[in-house]
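**Q** Give me a model of this one.
(one chain, ligands or ions: 2)
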Amino acid sequence: MCGITKRFGQVVANDQANFSLQGGEIHAIVGENGAGKSTLMKILYGLCQPDEGEIYFRERPVRIDNPRAAIRLGIGMVQQHFTLIPALTVLENIVLAREPRRFKIFLDTAKAHRTITALAEQLHFDLHPNAKVESLPIGGQQYAEILKALYHGAEVLILDEPTAVLAPQEVAGLFDCLRGLKAEGKSVILITHKLREVMEIADSITVMRRGRSVASLPKAQTDLAELSELMIGKHLTAPPSSLQQEEGKEAGGVDQPMLRMRDVTVHAVDGRLLLDRVQLDVFGGEIVGIAGVEGNGQNKLIEVLTGLRGIDGGKVTLHGESIANRSPAAIRRRRVVHLPADRHRHGISLKDRIDENLILGRHNRPPFCRRGLLQRKAIQEFADDAVGKYEIRTGGVNLPIRTLSGGNQQKVVVARELESDPELIIAAHPTRGLDISAARFVHQQLIDARNRAKGVLLISADLEEIMHLSDRIAVMYGGRIVGVVCPSETDEAQLGALMLGSADSSSDLG
Ligand SMILES: Nc1ncnc2c1ncn2[C@@H]1O[C@H](COP(=O)(O)OP(=O)(O)OP(=O)(O)O)[C@@H](O)[C@H]1O
Ligand SMILES: [Mg+2]
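**A** Ligands and ions are numbered 1, 2, ... in the order given. Predicted coordinates:
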């Protein structure tokens, strides 16, 4: 790709960007939120047309007017936000674009089934073609997306932040799969914010900054420090490591927990235990981390705490008052805020403007609404402030939110929730999809809230994040809290063992 320029109104998403890919390599693209990574790859996949520049494929100039043209060339893409249809099966989703027809009339399901099963086996994906996509964990949905691209003949596979939503074990599985593809001579383009992953898997790396490709180099010739410097154009100093242990720890000297869960039990419709006598305390002025492999009850716990799910037994209290089985609105009124794990699906309203998304949930209350009238000025001021404070890269707060880059959409949700004067923050994967400096900023916001005696419950698949921020860490396994440990008295090995249910530890809540 040579001299690619793409403008959206005032915004220059790609500015004379260059990119080249060798056959059989894994090539990472890195850069801050809004740097133009997704746009460049959407151009390669025919989802966007460049204003300037040329694309050469196997040394011939090509026009890629739409994804069909890309697929014909053997280019496949898994987008930053998945595009599968939840109500359909894996097979239906995969063959949607190109259905094998018997006698050119009937969809040859049996043949598609055989091909998909064989592909899944070859890649060691544990995925049933007849499973409904909505029933799959996020890792499984991703596998379905990859299968879809390969089924349609991808020789070049573009993955836009595939690991942002995966648990560490799933990342390892994905990387094995990518190595397998590489061994077959296929090429992979991987967009990610996780520089350690880049150093683990990539052969070469392209760095983007403000729409330009500022460097393209073999991994062997670079390191983490150089990459982050190239990304942000300056040297990033290490964060003060002790910052979270300083002030405000015993704020108010309260010994009553802010949030208390006792013997909380939730059954599935089939009687299975989803939450099994969960005991958990969060005090004002502390960050409690929940570590665990995805699917061990974390989501149910969040649903209970945000009013999305009732409980079958036990107690949940906030400042001594029960909040179990209350509506989400009632719980929000008690200033419990929630950064949902899947922000794209549950956190934003894609068809609305940035400012509207920033006040969502408070749009019918002062200062944003008085006597039924929206207060445009108050909304504008609040939105401008949030955009400045959270460094949301946009041409203006009255643009539709879908014009933001993926990471900047995430920042809108984070800003809205954290700026609403919360008492208890339930933060699920709060830095997912954010670049390094944005992630640090969000960490600092959580620490500040903690230091103002607020409660923070941090759910994250990122052990480093959990270890760095938490005052105490509760480990969930099989719907139970199997241990509560202090970060200073544990290590990733012990946590890992607890997370896999292979260590014994008393549920000491003290
Ligand atoms: N459809 C669109 N309309 C208007 N502006 C857009 C559109 N798509 C992207 N942009 C703008 O182009 C710039 C680059 O966006 P892009 O999505 O390529 O960033 P990115 O590097 O993928 O960032 P992230 O890490 O946050 O996903 C951003 O400033 C974004 O707001
Ligand atoms: Mg992106």
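**Q** what bits of the stretch 201-350 of the chain have low per-residue confidence?
**A** Counting by pLDDT under 70, the stretch 201-350 of the chain has low-confidence residues at 235-254.
**Q** Please repeat the previous calculation with a cut-off of 80.
**A** 234-255, 294, 342-346 (pLDDT under 80).
**Q** Break down it into its strands, ranges please.
**A** For the stretch 201-350 of the chain, the strands defined by DSSP state E, counting those that start in this stretch occupy 204-209, 212-218, 259-267, 273-282, 286-291, 313-318, 321-322, 336-339.
**Q** Run through the neighbouring helices and strands of the fifth one.
**A** With contacts defined as 3 or more Cβ pairs under 8 Å, 6 or more residues apart in numbering; DSSP states H and E, the secondary structure elements packing on strand 286-291 are strand 273-282, helix 436-451, strand 455-459, helix 463-469, strand 472-477, helix 492-499. For glycine as for every other residue, the C-beta is placed from the backbone atoms N, C-alpha and C.
**Q** Tell me which of the ones you listed sits nearest to ligand 1.
**A** helix 436-451 (8.6 Å; Cβ to the nearest ligand atom).
**Q** List the buried residues in the helix or strand harbouring Lys111.
**A** When elements are assigned from DSSP states H and E, Lys111 belongs to helix 109-122. In terms of neighbour count (16 or more other Cβ atoms under 10 Å), helix 109-122 has its buried residues at 109, 112, 115-117, 119-120.
**Q** for stretch 84-94, same thing?
**A** Along stretch 84-94, these residues count as buried under the neighbour rule (16+ other Cβ under 10 Å): 84, 89-94.
**Q** Filter the residues you listed down to just the ones in helices.
**A** Among those, the members falling in helices (DSSP state H) are 90-94.
**Q** any chance of those in TSV, with pLDDT and distance to Ser470 too?
**A** Formatted as TSV, these follow (pLDDT from 0 to 100; distance: Cβ to Cβ, whole Å):
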residue	pLDDT	distance to Ser470
Val90	93	37
Leu91	92	42
Glu92	90	42
Asn93	91	38
Ile94	90	40
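**Q** and which of those residues is nearest ligand 1?
**A** Looking at those and their distance to ligand 1, the nearest is Asn93, at 23.4 Å (Cβ to the nearest ligand atom).
**Q** show me what contacts that closest one?
**A** 84-85, 133, 144, 148 (Cβ atoms under 8 Å, 6 or more residues apart in numbering).
**Q** Of those residues, which is the nearest to ligand 2?
**A** Proximity of the contacts of Asn93 to ligand 2 was ranked by Cβ to the ion; the top entry is Leu84 with 18.3 Å.
**Q** close enough to count as contact, the closest one and Tyr143?
**A** No - in this structure, Leu84 is not within contact of Tyr143 by Cβ atoms under 8 Å, at 10.8 Å.
**Q** Could you say which helix or strand holds whatever residue of the stretch 51-200 of the chain ends up closest to ligand 1?
**A** In the stretch 51-200 of the chain, no residue comes nearer to ligand 1 than Gln80, which is 5.9 Å away by Cβ to the nearest ligand atom. Mapping Gln80 onto the secondary structure by DSSP H and E places it in no helix or strand at all.
**Q** Was I right to think it contacts Thr163?
**A** No - in this structure, Gln80 is not within contact of Thr163 by Cβ under 8 Å, at 11.6 Å.
**Q** where do the helices sit along the stretch 101-250 of the chain?
**A** Secondary structure of the stretch 101-250 of the chain, counting by DSSP state H, counting those that start in this stretch: helices at 109-122, 138-151, 168-183, 195-201, 224-232.
**Q** Output the helices and strands packed on strand 286-291 as JSON lines; include the columns mean neighbour count and distance to ligand 2.
**A** As requested, the helices and strands packed on strand 286-291 are arranged in JSON lines below (neighbours: other Cβ atoms under 10 Å; distance: least, Cβ to the ion, whole Å):
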{"stretch": "strand 273-282", "mean neighbour count": "20", "distance to ligand 2": "33"}
{"stretch": "helix 436-451", "mean neighbour count": "19", "distance to ligand 2": "13"}
{"stretch": "strand 455-459", "mean neighbour count": "25", "distance to ligand 2": "23"}
{"stretch": "helix 463-469", "mean neighbour count": "19", "distance to ligand 2": "20"}
{"stretch": "strand 472-477", "mean neighbour count": "24", "distance to ligand 2": "30"}
{"stretch": "helix 492-499", "mean neighbour count": "18", "distance to ligand 2": "29"}
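**Q** closest one to Lys351 among the ones you listed?
**A** Taking Cβ to Cβ as the measure, those were each checked against Lys351, and helix 436-451 came out nearest at 24.6 Å.
**Q** can you tell me if the closest one touches ligand 1.
**A** No - interface with ligand 1: helix 436-451 contributes nothing (Cβ under 6 Å from any ligand atom), its closest point being 8.6 Å away.
**Q** pLDDT below threshold where in the stretch 401-510 of the chain?
**A** Across the stretch 401-510 of the chain, the stretches falling below the confidence threshold (pLDDT under 80) are 461, 502-510.
**Q** Which strand or helix spans the closest residue to ligand 1 within it?
**A** At 2.6 Å from ligand 1, Gly407 is the closest residue in the stretch 401-510 of the chain, using Cβ to the nearest ligand atom. Using DSSP H and E, Gly407 maps to helix 406-418.
**Q** Does anything pack onto that helix? Which helices or strands?
**A** The helices and strands touching helix 406-418, judged by 3+ Cβ pairs under 8 Å, 6+ apart, are strand 336-339, helix 343-346, helix 354-359, helix 376-389, helix 436-451.
**Q** 7 Å instead, please
**A** Packing partners of helix 406-418 (3 or more Cβ pairs under 7 Å, 6 or more residues apart in numbering; DSSP states H and E): strand 336-339, helix 354-359, helix 436-451.
**Q** Can I get it in PDB? Just the C-alpha atoms.
**A** Output of helix 406-418 as PDB, limited to C-alpha atoms (Å, rounded to 0.1, in the frame of the first residue of the first chain):
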ATOM      1  CA  GLY A 406     -12.600   1.800  18.400                       C
ATOM      2  CA  GLY A 407     -10.500   2.900  21.300                       C
ATOM      3  CA  ASN A 408     -12.100   6.400  21.400                       C
ATOM      4  CA  GLN A 409     -15.500   4.800  21.500                       C
ATOM      5  CA  GLN A 410     -14.300   2.900  24.600                       C
ATOM      6  CA  LYS A 411     -13.100   6.200  26.100                       C
ATOM      7  CA  VAL A 412     -16.600   7.700  25.800                       C
ATOM      8  CA  VAL A 413     -18.100   4.900  27.900                       C
ATOM      9  CA  VAL A 414     -15.400   5.100  30.500                       C
ATOM     10  CA  ALA A 415     -15.700   8.900  30.700                       C
ATOM     11  CA  ARG A 416     -19.500   8.800  31.000                       C
ATOM     12  CA  GLU A 417     -19.400   6.300  33.900                       C
ATOM     13  CA  LEU A 418     -16.500   7.700  35.800                       C
END
